[in-house]
Each structure stands twice: as C-alpha cells, then as structure tokens.
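> Following is a predicted model, sequence given first.
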Amino acid sequence: MRFLHTGDWHLGARLGNQDRLPDQFGRLEEVCRYLDEREVDVLLVAGDVFDEHRSEPLARIVARLARLLRPRIEAGAWAVFIAGNHDREYVFPLIRGLQALVTAEGQPRVVFAERPALVPVTARSGDQAQLMLLPYPTPTRYDLPDERWPSPEDKRRRLAEALRERIRELGRDALSRPGVPVLLCGHFLVRGVREGLYHLSEQEDVPVEPGDLPTYAYIALGHIHKPQSVGATYIRYCGSLERMDRGEKDDRKMVLLADAGREGLRDLEELPLNATPFAHVTAASEDDLERAARELPEPERTLVSLGVDLSHDQPVGPLLARARSLFPRLWAVEIAPSEERSPEGPAPVGTRNVGETVRSYLREALADDPDRDELLRLAEELLADFGEATCPEASALRPRKAKRARASVKSRQGR
C-alpha cells in the first residue's frame, strides 16, 4: 500500500502583508500530481492543516481543497487528516459533521481526526492497513479533566502521559487484527529534535521520548518543519508544505512516498516540492536595490525582506517606494538607524524584527492561557496591519484597526 506523507500545510497563514494561499495551493497541486502519477492509496496529512480560523475565509479554503481532492477520492484514494496545534478544536468536528450530512452510508474515505483513533484503510488492490492517528495533545482531545494546572510544566507532563497511554491502548487494539500492518501518524515533538520548530520551543511544547514510539511499518510525523528522520528510516518528519518564514529559506520542501506492507517498510522516496524562495536584501541606495533585483532568479515570486541603512540626509520614502516596485512580494522592512541619523537613538536593528519579538513574548506570556491560540491569531492580524516593520512609519499605520485589535485582545483576556 502506498502512502503519501505530508503535513504542516498551515492553509490561510499570512506573512506580514502577504497572502500565502497562492503558494500553498501551488504546492498542493504538485501533491495531487504525485497522487495521480504514483497511484497513491492514502494521502496522510500529519496535522496543522489550517491556520485560518475565521468562518468565511475558512469555508472558502475548505471548498477549494475539496475541489482539488475530490477527483482523487472518487478514483479510490483516501485522505486522512489529523489535528495539529494550529488547528482550532472546533474545526475538525464541524467539517466531519458536515461531511456526514452529504456522504453516502458506509465508511467515507476522507477522515478528519481530532482525537486519537485507530482507523482501518483498504487500498484499491484490496490490501489493508491500520492507521494509528495521534493529534497534537490538548486536554480536550486526550480527555483530561478541565482543571487549573499547578504549572505549565505539570500540564505538559500530564499531556505527554496521556499521549503515551493512547499509544499503548491503540496498540493493544491493533493486535486484534494480526497480520495487518500498522502505521502511526502523529503531530507532536520527539525530544531531542531541534531543527524545524515553528512558533514553539521544546520548553513550551509537549515532547515525548524516542523510546515511546513503537516499532511499526512506518511512523509519519508532523509539527517539525524541517524534513528529517528520528533515529530510524521508518520514523520521519515530512516537513512543512511551504517555507513559512525567513528561518526556513534554505529548507528543502518535500513529501514522502512510503510503500508499506506486512513485512514493514518496503520503500521510502522523497518527492520534491517547488517551494517559494526567500531573500533578504540590504540596501543603502536605489542602486543597491536594483542590483539585488537583477540577482534574484525569480523576483516576481520571491518573498523579500529588506534591511535599510541610510545616512541622516537620505529620505526613507523614495527608497521604500522603489523597493516595492522592484520586489512585489516585499513583506518586511527593517531600518537600521546609523549614528549620524540618530545619534542618541536605539542600537541598530538586527535580524529580529518587531513581529518576531512580539511573537516570542506572547508565546511565553500566554503559555498556559486557554485562549492562547486565539490571542496569537489576533496578534498576527495586528502585525499584518503593521507590516511587521521596524521603520518609523509603522507606528502610524491603520491606527483605528490596530485599536480595535488591541481592544479585542483585552476583552478576551478579561473573559
């Protein structure tokens, strides 16, 4: 049976003022070509499917995804999704409920799992397998009581215990079908894996030990954005569908084609994706900008961040206007004040911009807040309005909308 392992789609995510949906659906079209060309039996999506949580935009994304996958499902393939930490807890149950209204009787070949489950699948050839589905651990998904935790560390410890217990329980259930191979699909952090963490650190996450993973035909993991194996060939993080920010600019993006049977993993192939390029441009003049634009292989497609270092007598406006005309996908501007320009001002801005600083602070401050994801989403909307820029003009951007976003955050914190 052939499985196409992918994950961390983050559909609906934005980067500054840039909508990433065109990039993401461009990659999904590549995924669908692989499904067709390789006659894949199961599309296995290892969490963080959606970043968009507003009802109308989310509905449009789901409809677009359905149009893309429907011909493959009608041809006999399965599509199995598990919930990640970016997937709001109401989204998968809602989609599944709507699916039940329009799907004919019998087991559907599209599965949305927000709770741990063991799901049998059958290939077009008649071969069978069992999928152990383990979404990102939260108290609701893993049936922990609603209580006030003594500390964030205690909450994460209890969640890790619940995840290990579900692995053991579902493993016992799988033994009732001897001879049918088991594949595990999970969205969590394996301790010791550090490259590719996205918006979380190991201290903020719910890590499990490598020894907690059973020996199955294949273990398909999501949550880590950099593709990598974990101690063995059959335990793999597929990486994210797209490059999500500048920190991933050098990452190769791929999906993994796993051929598994009763004897275990027969073959594993890396299938490349044409991920969106990133570039950081440093300029002190329009000549610098034009030189950098000529050097970009795909200037219309490249997501560009700009570092500007001007002398005290140079106006900022013309340089930014020229940058926007040369780089259509300019998403961040960092202006480093020189000593001549601001003799008593702040130190030059480094690689960490305002957006990154705000995110880091909020992730730490809201670590144990039940509304953490919603507050972070509201902060992202506010950062998008400001273009995540450190330039002086940022403070004047869209003050009314910024005020509304701040009020929304405060009201939710009050509740």
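All right, it came through fine. Quick caveat, the model's predicted, so the values are computed rather than measured.

> how about low-confidence regions in this protein?
100-107, 312, 337-357, 359-361, 363-365, 367-374, 377, 380-381, 383-415 (pLDDT under 70).

> Go again with 50.
339-352, 387-415 (pLDDT under 50).

> And the next helix or strand past the longest helix seen in it?
With DSSP state H setting the assignment, residue counts place helix 152-174 as the longest helix in the chain. Scanning forward in sequence from helix 152-174, with DSSP states H and E defining helices and strands, the next element found is strand 182-187.

> How far away from the center of its chain is that following strand?
For strand 182-187, the separation from the chain centroid amounts to 18 Å (computed by C-alpha atoms, centre = their mean, to the nearest Å).

> buried set for the longest helix of the chain?
Of the residues in helix 152-174, 155-156, 158-160, 162-163, 166-167, 170, 174 count as buried by neighbour count, 16 or more other C-beta atoms under 10 Å. Every C-beta, even on glycine, is put in place using the N, C-alpha and C of the backbone.

> Output those residues as JSON lines; include the columns distance to Glu52.
Output for the buried residues of helix 152-174, formatted as JSON lines (distance: C-beta to C-beta, whole Å):
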{"residue": "Lys155", "distance to Glu52": "27"}
{"residue": "Arg156", "distance to Glu52": "27"}
{"residue": "Arg158", "distance to Glu52": "30"}
{"residue": "Leu159", "distance to Glu52": "25"}
{"residue": "Ala160", "distance to Glu52": "29"}
{"residue": "Ala162", "distance to Glu52": "28"}
{"residue": "Leu163", "distance to Glu52": "26"}
{"residue": "Arg166", "distance to Glu52": "28"}
{"residue": "Ile167", "distance to Glu52": "30"}
{"residue": "Leu170", "distance to Glu52": "30"}
{"residue": "Ala174", "distance to Glu52": "34"}
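
> Which residue ranges make up each domain of the chain?
Following the assignment in automatic domain parsing, the chain carries domains at 2-272, 277-338, 352-415.

> And the longest helix of the chain, how far out from the chain middle?
With C-alpha atoms, centre = their mean as the basis, the distance from the averaged C-alpha position of helix 152-174 to the chain average is 23 Å.

> Packing partners of it?
strand 117-122, strand 128-134, strand 182-187, strand 207-208 (3 or more C-beta pairs under 8 Å, 6 or more residues apart in numbering; DSSP states H and E).

> other SSEs contacting the one helix or strand Gln99 maps to?
Element membership for Gln99, per DSSP H and E: helix 91-102. For helix 91-102, the helices and strands in contact under the criterion 3+ C-beta pairs under 8 Å, 6+ apart are strand 110-113.

> For the longest helix of the chain, which outside residues touch it?
The list of residues contacting helix 152-174 from outside it, by C-beta atoms under 8 Å, 6 or more residues apart in numbering, reads 116-118, 130, 132, 134, 137-139, 142-144, 149, 180, 182, 184, 188, 204-208, 212-214, 367-368.

> thinking again about what came up before, farthest-separated two in the buried residues of helix 152-174?
With distances taken as C-beta to C-beta, the most widely separated pair in the buried residues of helix 152-174 is Lys155 and Ala174, at 28.7 Å.

> now the contacts of helix 152-174: which count as buried?
With burial judged by 16+ other C-beta under 10 Å, the buried subset of the contacts of helix 152-174 is 116-118, 130, 132, 134, 137-139, 142, 144, 182, 184, 188, 204-208, 213, 367.

> Which stretches in the stretch 201-350 of the chain count as strands?
Per DSSP state E, counting those that start in this stretch, the stretch 201-350 of the chain carries strands over the ranges 207-208, 218-222, 228-229, 235-237, 254-261, 264-272, 278-283, 303-308, 330-335.

> tilt between the second one and strand 128-134?
Orientation note: strand 218-222 sits at an angle of 30 degrees relative to strand 128-134 (axes from the mean of the first three to the mean of the last three C-alpha atoms, to 10 degrees).

> Who does strand 218-222 pair with, and is each partner parallel or antiparallel?
When pairing is defined by DSSP bridges, strand 218-222 lines up against strand 182-187 (parallel), strand 235-237 (parallel).

> deepest of those, which one?
Mean neighbours per residue, mean count of other C-beta atoms under 10 Å, is largest over the strands paired with strand 218-222 for strand 182-187, with a mean of 26.

> Quick one: the helices in the stretch 251-400 of the chain, in order.
286-295, 316-326, 354-365, 372-386, 399-414 (DSSP state H, counting those that start in this stretch).
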